[in-house]
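Q: coords below, sequence missing:
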């Protein structure tokens, strides 16, 4: 009697499909459009590459995805060190996901001075939010750019927008200049403070307050609640002497606790009211147009600096100019002009300014 061998239940499972090593522009566009978080992450990595071939491919991906952008709410969050920004963002993001939203967080980390890599690792600080299927967290190194804001943050936000994330949050490292850069990137600017630091009304914070559309006193729980209440009163009083950050919108101060979640729903209600009122009046559309122009100017400046530092003539001339400058033989102004003249005089290109003779620069202190 012939028997049929039984199929072993210990047969190895089929291997998952191999990860495609190289993606085409079509692969990136299709993956981002269907909300594939793995491909979205790879697309952002492509954007951050400085390899010319990668830059060209990344710009083509962005161009193809441009018609699918512009729908997401753009929220910027900053605050003093220790204010609990990451705890708040995790609580806020989880709440939004529970309400049916798709949330992307672009958390800009300080860069290691040696490796230029992220050293904070926001995914490890937001484990609960990272586990949400409708959330995407991207910690990016600042790369030493102005104020700690990553060079490609705006482009990463566009990709998240095209991927269907309807709320895109950008968090800065909170080091001073980054707030001014962030203000030019977002619609709604949220400032998070904490009571009990003893310096809530320092001048630098007043400057940041002038840009804020909403101010939160975080950690308003437990024994810290009375101090938070007092801080809210101080901040509200200070706002009376400041012009509104956004025309027709009144900045308010509220309490919240990222730890307990208290006040989180009210923050989202404020954001929704902001968009409802200011979309109707055209304020947000006008702000985005100004932001695009500002972005273009930044890119022009960055590219000119990059071309200048790569330029052969100025690199050849720089050592002797630096030597003369350090020896006190020329002024810093003249040294800079000579380097710029070397950059201007490229074959086949008219100089940006005429060459300067020694007589053209009046003597003066260095």
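A: Sure thing, it's come through. All values derive from a computational prediction rather than experimental measurement. Numbering: from 1, shown residues only.

Q: Low-confidence stretches in the stretch 151-300 of the chain?
A: 151, 173-177, 196-205 (pLDDT under 70).

Q: Mind jotting down where the strands sit in it?
A: With DSSP state E, counting those that start in this stretch as the criterion, the stretch 151-300 of the chain has strands at 167-171, 188-194, 214-218, 252-255.

Q: Indicate which one of those strands is closest to residue 207.
A: Closest approach to residue 207 among the strands of the stretch 151-300 of the chain is made by strand 188-194 (10.9 Å; CB to CB). C-beta here means a position set from N, CA and C on the backbone, and glycine is covered the same way.

Q: who does the closest one pair up with?
A: Note on strand 188-194: by DSSP bridges, its sheet partners are strand 73-79 (parallel), strand 214-218 (parallel).

Q: Can you spell out the domain ranges of this protein, please?
A: Using automatic domain parsing, the domains assigned to the chain come out as 22-68, 69-280, 311-360.

Q: Just put these in a markdown table and tack on mean neighbour count.
A: Conversion of those to a markdown table gives the following (neighbours: other CB atoms under 10 Å):
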| stretch | mean neighbour count |
| --- | --- |
| domain 22-68 | 16 |
| domain 69-280 | 19 |
| domain 311-360 | 13 |
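
Q: could the ones you listed go into JSON lines alongside distance to residue 292?
A: Listed next are the domains of the chain as JSON lines, based on distance: least, CB to CB, whole Å:
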{"stretch": "domain 22-68", "distance to residue 292": "11"}
{"stretch": "domain 69-280", "distance to residue 292": "9"}
{"stretch": "domain 311-360", "distance to residue 292": "25"}
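
Q: Looking at those domains, spot the one closest to residue 299.
A: Among these, domain 69-280 comes nearest to residue 299, with 9.4 Å by CB to CB.

Q: Please state the offset of that closest one from the chain centre?
A: Put simply, domain 69-280 sits 11 Å off its chain's centre (CA atoms, centre = their mean, to the nearest Å).

Q: Leaving out sequence neighbours, find the closest residue to residue 44.
A: Of all residues not flanking residue 44 in the chain, residue 156 sits nearest, at 4.8 Å (CB to CB, 6 or more residues apart in numbering).

Q: List the contacts of residue 322.
A: Taking CB atoms under 8 Å, 6 or more residues apart in numbering as the criterion, residue 322 is in contact with residue 335.

Q: Please apply the same query to residue 125.
A: 86, 90.

Q: Switch the strands of the stretch 151-300 of the chain over to TSV; also include distance to residue 314.
A: Shown next, in TSV, are these (distance: least, CB to CB, whole Å):
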stretch	distance to residue 314
strand 167-171	35
strand 188-194	39
strand 214-218	46
strand 252-255	50
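
Q: okay if I get the strands paired with strand 188-194 as CSV plus distance to residue 33?
A: Below are the strands paired with strand 188-194 laid out as CSV (distance: least, CB to CB, whole Å):
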stretch, distance to residue 33
strand 73-79, 19
strand 214-218, 32
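
Q: So which of those strands is nearest residue 195?
A: Residue 195 lies closest to strand 214-218 among the strands paired with strand 188-194, at 5.8 Å (CB to CB).

Q: And the contacts of that closest one?
A: Contacts to strand 214-218, defined as CB under 8 Å, 6+ apart, come from residues 79, 83-84, 87-88, 188-195, 209, 228, 231-232, 235, 239, 251-258, 263, 267, 270-271, 274.

Q: And for the host helix or strand of residue 27, what's in contact with it?
A: Assigned by DSSP states H and E, residue 27 falls within helix 25-33. Under the criterion CB under 8 Å, 6+ apart, residues 20, 23, 38-40, 42-43, 46, 57, 60-61, 64-65, 68, 159, 162-164 lie in contact with helix 25-33.

Q: swap the cut-off to 6 Å and go again
A: The contact list for helix 25-33, computed with CB atoms under 6 Å, 6 or more residues apart in numbering, reads 39-40, 43, 60-61, 64, 159, 162-163.
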